[in-house]
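> Provided below are the primary sequence and the corresponding predicted coordinates.
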Amino acid sequence: MSLTQLGWNPAREEQFAPHRAKGFVPARVAVEDKHYYRVWTADAELIAQITGKIIHEARGNHSKLPKVGDWVAVKILPNEEKAAIHAVLPRTTQITRKNSGRDTAAQVLAANIEVIFLVHAADITFNAARIERMLVMAHDSGARPVVVLNKIDLCEDLAALVAEAQRIAAEVPVFPVCAITGRGLKKLAAEIKPGDTVAFIGTSGVGKSSLINRLAGDELMPTLEVREQDAKGRHTTTWREMIFLPKGGVVIDTPGMREFHLWDLAGPGTHETFPEFEELALRCHFRDCTHTQEKDCAVLAELQAGKIPRDRYESFVKLQREIAYLREAGKRANWQTRRKSDRVAHRAFNKAVTHHKSRR
């Protein structure tokens, strides 16, 4: 397999030049499994581990460690199908979310993605707010988002559902498909160009693995039937797996995510997902308007006039509150980190002074 098939290009070759001069070879991370990685080079598939230098430079920030889709510089161990990862090349894009629970750290799901397919089931579980959250995550990643409505065979009014999804997605294309019958998959496959890396994002049971199997033309990913009573499925993907398509292109299948915690607070996600609110906000009296109770708020005026759907407004406000909370939590975490660092430095200084006095 050539590096071009893996997604290599002249820009990455230029980035890699200093590493090649040291005798390293380029590889792409296909699977991340705790402290071990499976990587692809132009000649082989290898098991790899990161060096202590990378661990030290990350300093507990797991987002700096290699992730699926990353390009890395490796040293191949002679007479073994193993390698050591010495460096991670800069990422062009990355899909990131906040870790679940109270942790305010970022979790990188995949890197160097050209297209993100946001998969949602076209059945009783259709949820406009979830699509909006996925769109925010996709826009923040830097990749091109595409909304995919799978299981259209279970939809009673497909035209109305597609129209609703398109209203939410704005300029983002919406593709209605069915992994079982193959309907709509030809158009979906045309969105994947040779050398592109694409990712499928969606909750468990929406049929991501079934779609990938169809595109790959083989039963590559395990699938499970969903429960009839609530149309929910179980996790069938336990790690992010890289799959090579016969017509070119690389697919990264991610585990089904029950929650989409936003992370990139400075990104364009909310601006591109809710463009109508961003335009209206420019006409608000206060620059820091929350669009909830302020006087002369252009957003509230449009809402009261019936020009903005109530559910769309509530989704926007909820996301704005979540982002504000995350920003405040991030500030607190940074303050605590600095405080801890200052205490460590102070103790080290006192220890040095005491040692110096004892030698006099």
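On my side now, so go ahead. Residues are numbered from 1 along each chain as shown.
> following the top strand by length along the chain, which helix or strand shows up next?
Longest strand in the chain, counting residues (DSSP state E): strand 25-33. Using DSSP states H and E, the helix or strand that follows strand 25-33 in sequence is strand 36-40.
> okay, the angle between that following strand and strand 25-33?
Counting by axes from the mean of the first three to the mean of the last three CA atoms, to 10 degrees, strand 36-40 points 140 degrees away from the direction of strand 25-33.
> buried sites along strand 36-40?
Buried positions in strand 36-40, judged by neighbour count with 16 or more other CB atoms under 10 Å: 37-40. Quick note: C-beta positions are derived from backbone N, CA and C, even for glycine.
> list the buried ones in the longest strand of the chain?
By neighbour count with 16+ other CB under 10 Å, strand 25-33 contains the buried residues 25-32.
> Please render the residues you listed as JSON lines that adds distance to Q320 and pLDDT to the earlier fields.
Putting those into JSON lines (distance: CB to CB, whole Å; pLDDT from 0 to 100) gives the following:
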{"residue": "V25", "distance to Q320": "46", "pLDDT": "96"}
{"residue": "P26", "distance to Q320": "41", "pLDDT": "97"}
{"residue": "A27", "distance to Q320": "41", "pLDDT": "96"}
{"residue": "R28", "distance to Q320": "37", "pLDDT": "95"}
{"residue": "V29", "distance to Q320": "35", "pLDDT": "94"}
{"residue": "A30", "distance to Q320": "37", "pLDDT": "90"}
{"residue": "V31", "distance to Q320": "37", "pLDDT": "88"}
{"residue": "E32", "distance to Q320": "33", "pLDDT": "86"}
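> Looking at the residues you listed, spot the one nearest Q15.
Closest approach between these and Q15, by CB to CB: P26, at 9.4 Å.
> What sits closest to that closest one if chain neighbours are left out?
Distances taken as CB to CB, 6 or more residues apart in numbering place F16 nearest to P26, at 5.4 Å, with adjacent residues excluded.
> Can you classify the one you found by secondary structure?
What DSSP: H, G, I helix; E, B strand; the rest coil gives for F16 is helix.
> Do I have it right that it meets P90?
No: under the criterion of CB atoms under 8 Å, F16 makes no contact with P90, lying 10.6 Å away.
> Neighbour count: these two, which is higher?
For F16 versus P90, the count of surrounding residues by other CB atoms under 10 Å is larger for F16: 20 against 11.
> and the more buried one, what is it in contact with?
26, 71, 73, 89 (CB atoms under 8 Å, 6 or more residues apart in numbering).
> now do L118
With CB under 8 Å, 6+ apart, L118 has these contacts: 131, 134-135, 138, 145-148, 201-202.
> okay, R38: pLDDT?
The confidence metric pLDDT takes the value 92 at R38.
> ok, for it, nearest residue in space, not its chain neighbours?
Leaving aside its sequence neighbours, R38 sits nearest to V31 (CB to CB, 6+ apart; 4.0 Å).
> D253 is in contact with the one you found, correct?
No: with contact defined as CB under 8 Å, V31 does not reach D253; the gap is 10.8 Å.
> and stretch 19-30, how far from the chain's centre?
Distance of stretch 19-30 from its chain centroid, counting by CA atoms, centre = their mean, to the nearest Å, is 24 Å.
> buried residues in the helix or strand hosting E276?
Secondary structure from DSSP H and E places E276 in helix 275-281. By neighbour count on 16+ other CB under 10 Å, the buried set for helix 275-281 is 277, 280-281.
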